[in-house]
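Trainee: Whatever this is, show me its structure:
(one chain, ligands or ions: 2)
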Amino acid sequence: MIELIIKAIIYILPAYVANSSAVVFGGGPPIDRGKTVRGKRVLGDGKTFRGIILGVFCGTIVGVFLGLIKGNMGLWLLGFLLSLGALTGDLVASFLKRRVGVERGAPVPVLDQIDFVIGAILFASLFKVPSREITLIILVLTPFLHFMTNLLAYQLGIKDNPW
Ligand code: CTP
Ligand code: MG
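Mentor: Ligands and ions are numbered 1, 2, ... in the order given. Next up, the predicted model:
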């Protein structure tokens with residue numbers, strides 16, 4: 001079981017890195033360029049070109065490293081798809097949140113924690129469909145890991161609140 005959990009975390013690692021790199025390196029001009037539909041932003045200021053580009057870049061780098069370690073250079077493509085999928089999932093979630101009137105940055109529990117892994121797994125499935133066990137572990141474990149890292153960031157004074 002522990003082995004399967006470690007396998008799942010290593011598999012999804014490029015998506016985790018892509019998602020957190022977007023937060024760390026994001027900012028600048030928003031992808032929707034401030035456009036609104038029926039008075040509501042298309043995506044909001046939280047979805048930027050820099051976040052997407054640097055997120056995909058950092059996540060893909062992790063895929064390259066995993067490929068080097070495992071001696072399977074094809075893994076860079078898996079890392080790329082996981083990263084692009086992660087940020088696309090996050091983007092789609094923001095689009096849906098704006099449509100139902102949720103302001104940029106307002107927390108939506110569960111959706112905020114798993115939107116990116118759903119996108120990542122869907123995109124990665126173009127390369128190779130992960131096993132049912134791996135998929136389930138990722139979906140269950142991610143909200144917990146998310147919470148733990150946020151709590152850690154809060155304790156370290158990087159974040160203003162623990163969620
Ligand atoms: N970010 C970015 N580009 C992305 C994703 C994230 O620049 N594609 C940065 C933004 O600075 C964003 C922060 O990471 O504010 C946190 O990401 P997230 O929680 O996804 O955005 P929110 O600001 O909460 O906006 P939303 O309500 O749309 O989720
Ligand atoms: Mg958010």
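Trainee: which one is Gly79 nearest to, not counting chain neighbours?
Mentor: Distances taken as Cβ to Cβ, 6 or more residues apart in numbering place Gly63 nearest to Gly79, at 1.4 Å, with adjacent residues excluded. Where you see a C-beta, it was placed from the backbone N, CA and C, and this is true even at glycine.
Trainee: Was I right to think the one you found contacts Phe80?
Mentor: Yes: using Cβ atoms under 8 Å, Gly63 is in contact with Phe80, at 6.2 Å.
Trainee: if we can go back for a sec, spit out the contact partners of the residue nearest to Gly79.
Mentor: Contacts for Gly63 were tallied using Cβ atoms under 8 Å, 6 or more residues apart in numbering; they are Pro14, Leu75, Trp76, Leu77, Leu78, Gly79, Phe80, Leu82, Ser83.
Trainee: and which of those is nearest to ligand 1?
Mentor: Ligand 1 has its nearest neighbour among the contacts of Gly63 in Ser83, at 11.2 Å by Cβ to the nearest ligand atom.
Trainee: Look up which helix or strand the closest one falls in, please.
Mentor: According to DSSP states H and E, Ser83 maps onto helix 75-99.
Trainee: Remind me what the helix or strand just after that helix packs against, helices and strands.
Mentor: Next in sequence after helix 75-99, counting helices and strands by DSSP H and E, comes helix 111-124. In terms of contacts (3 or more Cβ pairs under 8 Å, 6 or more residues apart in numbering; DSSP states H and E), helix 111-124 is packed against helix 2-25, helix 75-99, helix 132-155.
Trainee: Go through the ones you listed and pick out the most buried.
Mentor: helix 75-99 (a mean of 22; mean count of other Cβ atoms under 10 Å).
Trainee: Run through who's touching stretch 93-111.
Mentor: Against stretch 93-111 from outside (Cβ under 8 Å, 6+ apart): 40-47, 112, 115-116, 143, 163.
Trainee: for the nearest residue to Ala18 once chain neighbours are set aside, what are its contacts?
Mentor: On the basis of Cβ to Cβ, 6+ apart, the spatially nearest residue to Ala18 that is not a chain neighbour turns out to be Gly59, at 3.1 Å. By Cβ under 8 Å, 6+ apart, the residues touching Gly59 are Pro14, Ala15, Val17, Ala18, Asn19, Ser21, Gly79, Phe80, Leu82, Ser83, Ala86.
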